[in-house]
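Chemist: Turn this into a structure:
(chains A, B, C and D)
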4 protein chains.
Amino acid sequence: MRKLISEVPLKVRFNEVDALRIVWHGHYVNYFEDGRQDFGRKFGLGYMDFFNEGYTVPIVEVLVQHKHPLTFGEEAIVKTTFVNTQAAKILFNYEIVHKDTSALICKGSTIQVFTKKDTMELELYPPDFFLEWKKKHGIS
Amino acid sequence: MRKLISEVPLKVRFNEVDALRIVWHGHYVNYFEDGRQDFGRKFGLGYMDFFNEGYTVPIVEVLVQHKHPLTFGEEAIVKTTFVNTQAAKILFNYEIVHKDTSALICKGSTIQVFTKKDTMELELYPPDFFLEWKKKHGIS
Amino acid sequence: MRKLISEVPLKVRFNEVDALRIVWHGHYVNYFEDGRQDFGRKFGLGYMDFFNEGYTVPIVEVLVQHKHPLTFGEEAIVKTTFVNTQAAKILFNYEIVHKDTSALICKGSTIQVFTKKDTMELELYPPDFFLEWKKKHGIS
Amino acid sequence: MRKLISEVPLKVRFNEVDALRIVWHGHYVNYFEDGRQDFGRKFGLGYMDFFNEGYTVPIVEVLVQHKHPLTFGEEAIVKTTFVNTQAAKILFNYEIVHKDTSALICKGSTIQVFTKKDTMELELYPPDFFLEWKKKHGIS
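Modeler: Predicted coordinates for the structure are as follows:
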């Protein structure tokens, strides 16, 4: 089975740094979204791809574990990995590593579900287009 | 003519403070929105009031002038004043003052226009419901 | 053992709502911070209390589980509960419930550690002032 | 006199879009900061350059004028132009244009002042290093 990973660079904004001069922990949820958005663009699994198939894919769980702080001006890489499941869910793992030292800054995961875009009703089975997307990418 | 003003308290969040331990300037646009939202609730001119009349009222200009910094844990008051105009615009002035010292922290203004919610088309004349709202509040 | 809980009201800001017209998931980390900050004020365990004792208490883990969406204009309550541990950690659980219906919107938890404010060095044992704080509040 | 301009690409994040599915106006202050940060890197006038010379350069005024909305997935370019003044101030103009159509999305300006980093005292005259920076870049 292929492992689908996207990597996208991250530059710390001045206003993401808090009074301790490290990135405020809440911004990492943004960075995960940057990673997920980049994954979507690269592998055709973006927000609009779901939307055009009639679905929205709300986040139902986020876990963030902070290992090392980032400071203003530092650069990092957000690695987003697709995690396969038979459930009607979309799982991603994230690792943020320092651009220069490769030190692990942060890791985490998200869980998304499928809801019909018109009714917001939860889907209990993975939609066909998603199964086909997995097949196309050698994931089963 | 009556002067319509709302006052809403503001507590500085930890994550609104930057590396210099003062509120990052960009957050004041949020504080203005808090003020405008409070004004809307108090005087029946909120986002949903416009929406229910068929309009959205996008911001087309924001001016923010910073006079004194705020630090974590400080409290302030956002004063939002309706500014009358004959144009098809909604003008607000803002003053943020320190809760304890009344020192002027920040002042500014916003300009909003009327667009039809379905077509996003710009309205060239103030809608009737808005003229009635002004009349009701003794503004002419 | 007493259970220490703070409750603080939450009003959804217009700009916290995303294209689906529900609060974007990342903002819940803010809401947890609002809860934690309120807890700190009420029980004397705020950011500055730690700082004045020579410590910062960075977040090392956040878990957020989304149960129901919130939309613009809705109000909720953030309930923050102190969770005791013998480890040199500070644990909080969070529940965000709808103000009118009491429906569970979101639950989650955070883990903080103690670092010396000057060296950023990790503390392996709970500092004395923290043990005293727990004793004072009947937690053991 | 040379005109110093930096251009940096901008991708709209999902969570920057509001209930109307356009970028919430407050995020443009972030985009301006992205532009200013990019300018600083390119021309050696970044936050840390000031800091290392003993200064911080707080924003005292921001003006943002919105011309056209941006939606999720759209890309734009932030153009940041240095505006010369004899006063002890740093002025930038900003233009955000659509990547594909070059349509003007937003324009604006910021004013920064010089404060000594230790005392936060305002400088009434432009510091020497800043005059030298201008000279080096053919600005007088």
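
Chemist: now for the helix or strand of chain A with the lowest mean pLDDT, which elements pack on it?
Modeler: Ranked by mean pLDDT, DSSP states H and E, the helix or strand of chain A with the weakest confidence is helix A:47-52, at a mean of 91. Using 3 or more CB pairs under 8 Å, 6 or more residues apart in numbering or on different chains; DSSP states H and E, the elements in contact with helix A:47-52 are helix A:27-43. Yep, even glycine has a C-beta here, placed from its N, CA and C like the rest.

Chemist: Need the CA coordinates for the helix it packs on. CSV is fine.
Modeler: The C-alpha trace of helix A:27-43 is given here as CSV (Å, rounded to 0.1, in the frame of the first residue of the first chain):
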residue,chain,number,x,y,z
HIS,A,27,-2.0,28.2,15.8
TYR,A,28,-0.9,24.6,15.2
VAL,A,29,-4.5,23.7,14.3
ASN,A,30,-4.1,26.3,11.5
TYR,A,31,-0.8,24.6,10.5
PHE,A,32,-2.6,21.3,10.3
GLU,A,33,-5.2,22.8,8.1
ASP,A,34,-2.4,24.2,5.8
GLY,A,35,-1.1,20.7,5.6
ARG,A,36,-4.5,19.2,4.9
GLN,A,37,-5.2,21.8,2.3
ASP,A,38,-1.9,21.1,0.6
PHE,A,39,-2.6,17.4,0.7
GLY,A,40,-5.9,18.1,-0.9
ARG,A,41,-4.4,20.0,-3.7
LYS,A,42,-1.7,17.5,-4.4
PHE,A,43,-3.9,14.4,-4.3
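
Chemist: Now do the residue positioned nearest the centre of chain A against A:I111, distance only.
Modeler: Centroid-nearest residue in chain A: A:R36, 3.2 Å away (criterion: CA atoms, centre = their mean). Counting by CB to CB, to the nearest Å, the separation of A:R36 from A:I111 is 12 Å.

Chemist: ditto for A:D38
Modeler: Distance of A:D38 to A:I111, given as CB to CB: 19 Å.

Chemist: Break down chain A into its strands, ranges please.
Modeler: Along chain A, counting by DSSP state E, strands occupy A:5-11, A:55-56, A:59-66, A:75-83, A:89-98, A:104-113, A:115-116.

Chemist: To chain D, which of those strands lies closest?
Modeler: Chain D lies closest, by CB to the nearest CB, to one member of the strands of chain A: strand A:5-11, at 7.9 Å.

Chemist: May I see the buried residues of that closest one?
Modeler: Going by neighbour count (16 or more other CB atoms under 10 Å in any protein chain shown), the buried part of strand A:5-11 is A:6, A:8, A:10.

Chemist: which of the residues you listed lies closest to A:H25?
Modeler: A:L10 (14.9 Å; CB to CB).

Chemist: Model confidence score at the closest one, please.
Modeler: In this model, A:L10 is scored at 95, pLDDT.

Chemist: Name the nearest residue to it, ignoring sequence neighbours.
Modeler: Of all residues not flanking A:L10 in the chain, A:A76 sits nearest, at 4.5 Å (CB to CB, 6 or more residues apart in numbering or on different chains).

Chemist: what's across from the one you found in the sheet?
Modeler: A:L10, A:H98 (DSSP bridges).

Chemist: Could you list which residues are in contact with it?
Modeler: A:A76 sits next to A:9-10, A:12, A:70, A:96-99, A:105 when contact means CB atoms under 8 Å, 6 or more residues apart in numbering or on different chains.
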